[in-house]
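**Student:** dropping a prediction and its sequence here:
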Amino acid sequence: METKKKFEIERALATENQAVSAGTLKEDNPLDTTETFRHFCEACRRGDLKVCQEMIQAGVNVNARDRHDYTPLILASLCGHYEVIQLLLENGALCERDTFQGERCLYNALNDRIRNLLLSYDYAKSSNPLQPLAAHITSLLTRPEPATADLTIEAYDQSFHVHKFLLAARSPYFAKKLRAAPNTTTWTLPQNIPSPSLAVALQYLYFSEVSLRRALHGLNDEEETHVLEGIDKIGRQLEMDRLFDDITEVSDRRLLRQKRAEEMTRGRDQLETWFKEHLLDNKLEVDTADVDNLKWDRDNSIYADILLRADDREEDYEPVETDASPGPSESSTPPARSILGLPVKSRSPSRSRKPRKSSIYPAHKAMLLRSEYFSTMLNSPFREAQQTPYLQIVTLDCSPKVLETILAFLYTERSDFGLDVAIDVLFTADQLFIEKLKQRAALIISTLGNGNSSTVESENPRGETDAEELIDIYEVIRAGWDTRVQRLEEFGARYIAYRLESYIDTPDFAEIVQESARRVKGRQETDTVELVDDIRYYLSDRFRLRFEDSGLEEMMEQRGAADAIVEAMEDLGVKDENEEKKDKLLGKEIEEQSAAGAIRTLDGELAGDEFAQDAINYQILLGKIDQLLENLNLDA
Amino acid sequence: MPPKMAVRQKPRIRVPNSLKGLHGDEVDFENTWVTIEAAFREIHTKNASRLSYEELYRHAYRIVLKKKGEQLYKNVHDFERSWLSKEVRGHMQQLLSPNLLAHSQSVASTTANERRVSGEKYLKGLKQAWGDHLVCMSMLADVLMYMDRVYCQDHRRPSIYTSAMVLFRDEILNSPLSAADERTILGLLNHVILGQIQMERDGDVIDKHLIKSCVHMLDGLHADDLESEDQRLYHVSFEKEYLVTSREFYRAESELMLRESDAGAYCKRAKKRIHEEEDRCRATLMEPTASKIREVVEAELIQGRIHELVEMDSGVHFMIDNDRWEELNLIYDLNARVDERKSEVTRSIQKRIMELGIEINNEALAASHAPAPAPAANADTGDKSKQTQEKNVNLQTVAAIKWVEDVLGLKDKFDRIWRQSFDSDSLLDTAMFNSFRDFINSTSFPRSSENISLFIDENMKKGIKGKTEMEIDQVLDKAITLIKYVQDKDLFERYYKKHLCRRLIMNKSVSNEVEKQMIEKMKQELGPSFTSKLDAMFKDMSISADLTSGYKKHVEGLGDRDPKRIDLAISVLTKMTWPMESINGSGEAQEGNRPKCNFPPAVDKVRRGFEQYYAEKHSGRELTWLPNMGTADIKAVFPKVPQKDGTFKERRHELNVSTYAMVILLLFNELPANECLTFEEIQAQTNIPRNDLVRNLQSLAVAPRTRVLLKEPMTKEVKATDKFFFNEGFKGNFVKIKVGVVSSGNKVESEQQRKETEKKNDDERNFVMEAAVVRIMKQRKELPHQKLVMETISQLASQFKPEVTMIKKRIESLMEREYLERIEGAAVDSYRYLA
């Protein structure tokens, strides 16, 4: 793909400015002069993944621009931070061809790798991050199996099967109406509204991109007016005041996109509010021992049709009783129930130890279907798919906090969770086949887990040695393998490479190298050890920038590392007349020179300057890797 | 955890303990498997609704996460294998019954109904087993989803569902029927289905739905483990057998039907069978089989039989003659299925057209010869024979027109067949066109061109009177259709010119507009070069009209108005454009030596006057007068004769006579009453050619209604010595009297005339060919003989089809005249153009 010429970009900017000032187009990149944003831009410039991720989670606008008209994405591409760019793009940063900022970003990309990454996220190909959520909700209108609708709207010639919780979340009218009578199963459309109008309103309500033209296709003028009036009426009745304006066609592609994005965000926010106020607030905490006695009526104020259970982690509680049977077993004791259909918590205050708790979350099958696990479960004729008088309780193999995270993602597409649950979320998402959440978890681990450091070598020349360990990197790598997330293995390799000095000699490291080798063998792919290859790559990355400047790498290639070192030492007048003497002297010298601020290599050798030190360190680390592989009897 | 370096603190984020245990080896695989296996058993016995999906999934998930996927996969596989081989196979064996196992040879011992019932029972059993298997396996696959996604993908294993399908094939379909019977279940299944289909062909009603489900099963399974598209069991096992047995069945059936039914019935049956098979593939078997079975049915019912079918007594010949359009359509349809060119039907259609066409030709010949024409020797001896010859000519004209109408009738018939039965097939259109052309141009019938032209002539003169524009258009189109068939367009042109000439000059056409329309149509069909001369004839006519009025003005302008002035209406004809031979009259007098007719002085004055006028307008043009083509209106006054009421009254008549007759009558103006002129005297004074004179005198003195002259002796024949008087007692009922001249219309040519026409045509062709050869050579300079001949033929194709020998002769003649020379020493005969 050709990079645009300067004048073409300028022309794009001119038309864009015109549209913005005319008010037809909302600015894609609004000016943001806050200190927070400046801080964010700074992090993008430096390549500080952790800060970037934290600030994105805090809600900074990734598409804003600073006083110098730079967007975070432009800064990151200009400075060549591949991981940061990826992070920005995955969080909705726009790089759209034919727009000024988009072309500018491509134009400024430091290298082709970055340019290709940017191109692969072009809006035309990717889409709004909320699109998967919207698409799922839209599909609920037509999805035949399993039946999740709980309300039927009767029009005179047609009936529509819809979901109460969605109507309540999106339409204030329905929220009120259903709150008054949660058991309603039918609603009759007023006579004066034609059913096509209702169809359009429902599509809109279900996050579908409504095409008026399609809805009005084949109608004569009179019918068309009738339907349009109907849409207006139903919009007012359902108190969805934006309905009519929002579905009016606009031809401009970007304007359309903006409108759509706004509507999706609005809809998501409505869903989120509803999710928090109804689902989370109705969460129950019961003693695990009593959970089986819990009964929840089908008719309930939040229209839930399934209950999800998560038990508190065992390590936090001593088990109250040995629970041999995996999963919930049938219970015959009649439950205590309140008149509202909500269960009465049964407490046992006499217990001396704090009993293990289980959390019960009401939920809607319609939303759970986003996970392939649930969709298979609810489509297969097992117990969970059977119609029972009380809501079924499905246990999930995770902590309540993780379950909450998962539900939040399924209902709102939000995935703002901390490093503390990230690994749990990763595993659970893998188990439930929620691919996107898996990737988000991996992203969070690989950014937040990176420690308080920049990825830029110049700010961290000697590798990570003093940072606080946030994560157990071996477990992260293994989790990456178990859940098949490539990104985590790469992250792990990079993480270790930048701190190799402190890992290379540990038995843990040897063990994980061996595991990596076994994996490769098991999959019969290549005969290299993937992890080691990755570590070598990132190691060279770590040292590369410095060598390039000094031309040392070239020098070393010609003569070999040892010669170079010798030469460097000679230049400084350090003569190694004989080895023995040097060895003897070493201990003393180190002390002396340390005091004088001399520079030493990893094996205690005295190095001439920092460049020489790096060169020697690099060689030493590579040598150690080779040694390790040899010891483990592995080819690489 | 192994010890870490002292500087490192305990990491804040770790894998949860509940999952960490997974990496250890202390997995209780056996116990978990027992739980899973028990659940699978429940699933197979249809008790799944009590099982918890979540629980089973979690077990399988943990096993896979513990890297025991392989073991799990193997256990599931083994479980399924033993279930199929023990439970399901045993159940299938119970369904076997003696009349199901009976070999096809001993079928006779059981009734069809018994066999159908036991077959259906077996199919139902198998369908049930398959359906259960599918349901169970899809439930197993649901539970084992994590294993499929993770273990199977990583280790490139087929999914558990897929491998269970393979198991069904191996453990059920490919297993022997029973310990005693070596045949496989699959073999029996095929046999049963084929048996059912045979029953349906014999008219029974079978359970299509049931068979379809079994077929679906076969379609879902593959003979190999790679699941390649072409290895579906349905294709490799069932379909193959189905095609073989169907071939046998249809071969036998076609033989029987050919023996026992007529062609129409055969066609109907064949078509029905083809549709049946199509329906069967849709409703009972698989769609992709449709094309294969169609091939088989077509090969057996049509391909090998179509020739016999077409040639049957009740075949195409019969259908054409009896207007069996529907059957023709059927047979056409069948032929088209196996042969794009439909050669069998085409051949027989062409044959029939030729037969019928030649019949029409022969009828026409017979009709024209019917009153056996007097031998040529007698022709000029007796008056009688001449009379009969005239009559013959009339008869022949009628025959010619009948021929055209017959041909058109035939054409209509086949056009209708073509439209109704042959789907307006263009190939057949061409074939039929060729056949029509062949018989119309057949060498044994040389009169087509003339006949067609006569037909048009007839219509122009009489036929189109009182017809609407649409009808006229139809007539013209018919004529055009026929003209298109004519190969020797030049000959046709010659006749048409001749006939047109007479129509124009004698003013016989009903409508000049229609004439022009006809020319326009010919121009469209045959190109403007064909009609250029015809156009020129029309132009001459309109110029003549201008001349006439111009001359009239000129005369008026001369001032002294002569009361005895003679009005002149003149037609000036360009010599090259008009067919002079027909103008000069019956070929007696050759052009140039035509004796000049002596006009009476009054007329001669007009003639000179016009010549002078014309010479002023166009200098250097010579006018030749053709009195034989002209007519004159004469006001004649007859002496008073007593009327019925006794009064005497002068009678005035306006006589419309030919120019010659006018000349003759004017002679009697100067003659005293009661005197006479002999034939010879008349001839001497007028210098009218003898033949024309005889004819004119006949109409003036013999024909009873126009007997202006009296003849002595009063016979029909005119002899040199006959005397002629003015008939003072002439009585006419009308004021205007038209004196016709015998034999003035366009009639069919006599054999001799036709030969002459052909000869003339050939002569002209010689020029045309030479011109073509020279044109080609002038452009190419050098050309081998073969190519030259080819090009010449193609250049002249629109005019006529030259014979190669004639072209050769022309080339030789051109060489003699040194237009061309032979290239010496050329590898092939070649010529060079000499400028």
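**Tutor:** Good, I have the coordinates.
**Student:** just give the nearest non-adjacent residue to whichever residue of the stretch 51-200 of chain A sits closest to chain B, would you?
**Tutor:** Nearest residue of the stretch 51-200 of chain A to chain B (C-beta to the nearest C-beta) works out as residue A:146 at 12.5 Å. For glycine as for every other residue, the C-beta is placed from the backbone atoms N, C-alpha and C. Spatially, and ignoring its direct neighbours in sequence, residue A:146 is nearest to residue A:378 (4.6 Å; C-beta to C-beta, 6 or more residues apart in numbering or on different chains).
**Student:** repeat for residue B:416
**Tutor:** residue B:325 (7.6 Å).
**Student:** now the one you found: how far from chain A?
**Tutor:** 43 Å (C-beta to the nearest C-beta, to the nearest Å).
**Student:** pretty sure that residue is touching residue B:421, no?
**Tutor:** Yes. Using C-beta atoms under 8 Å, residue B:325 is in contact with residue B:421, at 4.8 Å.
**Student:** compare those two (neighbour count), which wins?
**Tutor:** residue B:421 (25 against 16; other C-beta atoms under 10 Å in any protein chain shown).
**Student:** for the chain, which segments count as strands?
**Tutor:** Let's take chain A. Here chain A has its strands, by DSSP state E, at A:151-154, A:159-162, A:186-188, A:284-287, A:306-311, A:357-363, A:393-396.
**Student:** wrong one, I was asking about chain B
**Tutor:** Remark: strands assigned in chain B by DSSP E are B:631-642, B:648-658, B:677-678, B:709-712, B:723-726, B:736-738, B:782-784, B:820-822, B:830-833.
**Student:** now tell me what touches the third one from outside.
**Tutor:** The set of residues external to strand B:677-678 that reach it, using C-beta atoms under 8 Å, 6 or more residues apart in numbering or on different chains, is B:667-668, B:671, B:685, B:720-724.
**Student:** could you see whether chain A lies near stretch B:132-139?
**Tutor:** Yes. Residues of stretch B:132-139 contacting chain A under C-beta under 8 Å from any C-beta of the partner chain: B:138-139.
**Student:** buried set for that stretch?
**Tutor:** For stretch B:132-139, burial by neighbour count (16 or more other C-beta atoms under 10 Å in any protein chain shown) applies to B:132-134, B:136-137, B:139.
**Student:** pLDDT value on the residue lying closest to residue B:611 once chain neighbours are set aside, please?
**Tutor:** Distances taken as C-beta to C-beta, 6+ apart place residue B:623 nearest to residue B:611, at 5.8 Å, with adjacent residues excluded. pLDDT, residue B:623: 78.
**Student:** and the gap between residue B:623 and residue B:609?
**Tutor:** 12 Å (C-beta to C-beta, to the nearest Å).
**Student:** residues near residue A:420, how many?
**Tutor:** By the measure other C-beta under 10 Å, the count of residues near residue A:420 is 14.
**Student:** now do residue B:715
**Tutor:** Residues near residue B:715, counting by other C-beta under 10 Å, number 11.
**Student:** contacts only, for it.
**Tutor:** Residues near residue B:715 by C-beta under 8 Å, 6+ apart: none.
**Student:** distance check, it against chain A.
**Tutor:** From residue B:715 to chain A the distance is 93 Å (C-beta to the nearest C-beta).
**Student:** can you give me the domain boundaries for chain A?
**Tutor:** What automatic domain parsing lists as the domains of chain A is A:6-126, A:132-253, A:283-414.
**Student:** okay, domains of chain B per the record?
**Tutor:** B:22-182, B:306-531, B:629-738, B:755-833.
**Student:** mean pLDDT lowest where, among those?
**Tutor:** domain B:629-738 has the lowest average pLDDT among those, namely a mean of 75.
**Student:** any idea how far apart the tips of that domain sit?
**Tutor:** With C-alpha to C-alpha, to the nearest Å as the measure, the ends of domain B:629-738 fall 15 Å from one another.
**Student:** distance from the chain centre to it, please.
**Tutor:** Counting by C-alpha atoms, centre = their mean, to the nearest Å, domain B:629-738 is centred 59 Å from the centre of its parent chain.
**Student:** stretch A:379-396 too?
**Tutor:** Per C-alpha atoms, centre = their mean, the displacement of stretch A:379-396 from the mean C-alpha position of its chain is 30 Å.
**Student:** and stretch B:310-326, by the same measure?
**Tutor:** Centre-to-centre, stretch B:310-326 and its host chain are 19 Å apart (C-alpha atoms, centre = their mean).
**Student:** quick one: buried residues of it?
**Tutor:** For stretch B:310-326, by 16+ other C-beta under 10 Å, it's B:310, B:312, B:314-317, B:319-320, B:324-325.
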